[in-house]
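Visitor: predicted structure and sequence below. I'll ask about it afterward.
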Amino acid sequence: MRFDLSDLRLFVNIVERASISLGATATNISAASASERIRHMEADLGTALLIRDKKGVRSTPAGGALLSHARLIMAQSDRMKGDLAEYAQGLRGRIRLLSNTAGLSEVLPTFIGKYLIENPAVDIDVEERQSHGIVDAIRNGERDAGIVADFTSAGDLELLPLALDQLVLVVPKGHVFATRRSIEFSRAISAELVGLLGSSALTEHLEMQAAKAGNRIRWRARVPGFPAICGMVAQGVGPGIVSESAARRASKTMPLKIVNITDTWARRRLSLCLKRGEQRPLYLERFVAFVRREGKREQPRSRSSNTSHD
């Protein structure tokens, strides 16, 4: 069996993207070369590693075993490179981070931005997923860390507190809900809402909560980002559900009313999720230390009131 790191990285990229061509692109080689290298790997092992069909590719049982070992070997290689970089040209690394919608819009721009400014030799890749998907990905070693909400069980993973996130309903002036200070989620979704595009983690979460109650959200419009939601709401298109901090920022310049959502799941603590007690590369250890320090400074945002801007 003669596999090098480039073979293993190619295989991981293909399986994670369920596509030989996309995996080849991520590895900076042609699709034809990628197919040839996978065939050589299968020939060396004497068994198939991928199942190929019209939907793409997925790993066989043997491929799944190889995937686990490949991720472990690649992580060990990254740790070695990170440690050696301390003695060579300074600490350098790339943190693979996952985040839910709230973390993506409310934590990353300032919190992670501050870290990147203080650590110019470290890069961060960020991908949006739902909290439960983030927990599974961290546990399986797919990514280094993730920002999750506390309603998701993290099991044996470590959680470092980052911030509090309150979901609120924003409504235009004159709306039937504009005189309320608080509202139940089931009542809030009785109106057609302005929301995020369907691929967002928050949209999936809200639709899941509605389904649990036997309801369905009727989306009047879907837009990219909390500011766009607030802008559509301010024009009178309909109510929207956003993070409280995003709503308060928007209410300084837009004619909005903020209504607190009373359901317990609407008030969440955002935390950094990562494997507990494992040996980490130095750049990731310093990132964890930064989170511990900055997380302690975060003051709870406990007030949610009916706010307007005329």
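Guide: Noted; the coordinates are in hand.
Visitor: what about the helix or strand where residue 206 lies, average pLDDT?
Guide: Per DSSP states H and E: residue 206 is located in helix 201-212. Helix 201-212 comes out with an average pLDDT of 89.
Visitor: identify each buried residue in stretch 19-35, please.
Guide: Using 16 or more other CB atoms under 10 Å as the test for burial, stretch 19-35 gives 19, 20, 21, 22, 23, 24, 26, 27, 29, 34, 35. All C-beta atoms are positioned from the backbone trio N, CA, C, and that covers glycine.
Visitor: thought residue 261 was touching residue 184?
Guide: Yes: assessed by CB atoms under 8 Å, residue 261 is found in contact with residue 184 at 7.4 Å.
Visitor: ok, the two, which is more surrounded?
Guide: residue 261 (21 against 13; other CB atoms under 10 Å).
Visitor: may I have the beta-bridge partners of that one?
Guide: Beta bridges link residue 261 to residue 183 when assigned by DSSP bridges.
Visitor: that one: what's it in contact with?
Guide: 166, 167, 168, 169, 182, 183, 184, 185, 188, 241 (CB atoms under 8 Å, 6 or more residues apart in numbering).
Visitor: out of these, which sit inside strands?
Guide: 166, 167, 168, 169, 182, 183, 241 (DSSP state E).
Visitor: among the residues you listed, which one lies nearest to residue 257?
Guide: Of all these, residue 257 sits closest to residue 169, with 8.7 Å by CB to CB.
Visitor: so the closest one sits right up against residue 238, yeah?
Guide: No: contact criterion CB under 8 Å: residue 169 and residue 238 do not qualify, at 10.6 Å.
Visitor: show the backbone phi and psi for the residue nearest the centre of the chain.
Guide: In the chain, the centroid-proximal residue (CA atoms, centre = their mean) is residue 99; its distance is 2.1 Å. As for residue 99, its main-chain torsions (degrees, to the nearest 10) stand at phi -150, psi 150.
Visitor: ok but residue 42 is inside a strand, no?
Guide: No: assignment of residue 42 by DSSP: H, G, I helix; E, B strand; the rest coil gives helix, placing it outside any strand.
Visitor: now the closest residue to it other than its chain neighbours: how far from residue 7?
Guide: Using CB to CB, 6 or more residues apart in numbering and skipping the chain neighbours, the partner closest in space to residue 42 is residue 49 (5.3 Å). As for residue 49, its distance to residue 7 is 11 Å (criterion: CB to CB, to the nearest Å).
Visitor: find residues that contact each of those two.
Guide: Contact criterion CB under 8 Å, 6+ apart; residues shared by residue 49 and residue 7: residue 41.
Visitor: who has more neighbours, these two?
Guide: Legend: neighbour count by other CB under 10 Å for residue 49 and residue 7, higher for residue 49 (22 against 18).
Visitor: is that one in contact with residue 64, as I believe?
Guide: No: contact between residue 49 and residue 64 fails when scored by CB under 8 Å: they sit 9.1 Å apart.
Visitor: which residues do the two both contact?
Guide: By CB under 8 Å, 6+ apart, no residue touches both residue 49 and residue 64.
Visitor: any idea which helix is longest in this structure?
Guide: helix 61-87 (DSSP state H).
Visitor: ok, which stretches of this protein are strands?
Guide: 50-53, 56-59, 93-99, 122-128, 145-149, 158-172, 182-183, 193-196, 219-223, 240-243, 256-261, 267-274.
Visitor: in CSV: those, plus mean pLDDT and distance to residue 2.
Guide: CSV is the format used below for those (pLDDT from 0 to 100; distance: least, CB to CB, whole Å):
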stretch, mean pLDDT, distance to residue 2
strand 50-53, 91, 19
strand 56-59, 92, 20
strand 93-99, 89, 27
strand 122-128, 88, 30
strand 145-149, 89, 33
strand 158-172, 90, 37
strand 182-183, 96, 63
strand 193-196, 93, 47
strand 219-223, 94, 50
strand 240-243, 94, 51
strand 256-261, 95, 58
strand 267-274, 88, 34
